[in-house]
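> After the sequence you'll find the predicted model.
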Amino acid sequence: MAHIDLGVDEAEFPGIRGPLRFRPETAKPLNELAEVLLRQGPHPLTPGERELIAAYVSGLNDCEFCCSSHSAFAARQLDEGMTLVDQVRADLDNAPVSAKLRALLRIAGAVQNSGRKVTPDLVEAARTEGATDLEIHDTVLIAAAFCMFNRYVDGLGTLVPADSAYYPASAERVVTVGYGT
């Protein structure tokens, strides 16, 4: 049970969904941010790759709800599915992703630690692998936004679904209709 009364059945609205229902005035811009960062196109990174960045950062932050959710969202949109998501989360250096995506995930990991950990060398490494300024910008913003989302969810002590079947069903909804529904 959350630290505050969210006014919803947390089993029906677990994780971030409860706080978003509690405060619709803040839910609207947060959902719009997620929609633009993770789904809107055209974009040189696929929605699955952007969700993978969100899942990676959420995993580093030990945010179970966000990591499980965005891992499922990424898996639903990547040809390699959850196998790739698990490989990236377990061992980024040896995961079968492109050199560009690996470099962007390293930047995301640095942001998770501290924005000041993003060095010119990390940015240059991403550029060397073909990353554009838009991809670098959005990677930093996705990582920063997910640090906020993770702290929002965990800071309120929201319910984490006990049934792992919640996440694939949630992924289907997000992939089909987007955030804010």
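Arrived safely, thanks for sending. Numbers count the residues shown, from 1 in each chain.
> need the longest helix for the protein.
Identified as the longest helix of the chain according to DSSP state H is helix 133-155.
> Run the chain-centre distance for that one.
Relative to its chain's centre, helix 133-155 lies at 7 Å (Cα atoms, centre = their mean, to the nearest Å).
> for stretch 103-113, same thing?
13 Å.
> Over to stretch 57-66?
Taking mean C-alpha positions (Cα atoms, centre = their mean), stretch 57-66 and its chain are 8 Å apart.
> contacting residues around that stretch?
The contact list for stretch 57-66 (Cβ atoms under 8 Å, 6 or more residues apart in numbering) reads 14-16, 54-55, 67, 69-71, 89, 108-109, 111-113, 142-143, 146-147, 149-151, 153-154, 158, 160-161. All C-beta atoms are positioned from the backbone trio N, CA, C, and that covers glycine.
> In contact with residue 78, which residues are there?
Neighbours of residue 78 in contact, by Cβ under 8 Å, 6+ apart: 46, 48-49, 52, 84-85.
> ok, of those residues, which one's closest to residue 76?
Using Cβ to Cβ, residue 48 comes nearest to residue 76 of the contacts of residue 78, at 7.7 Å.
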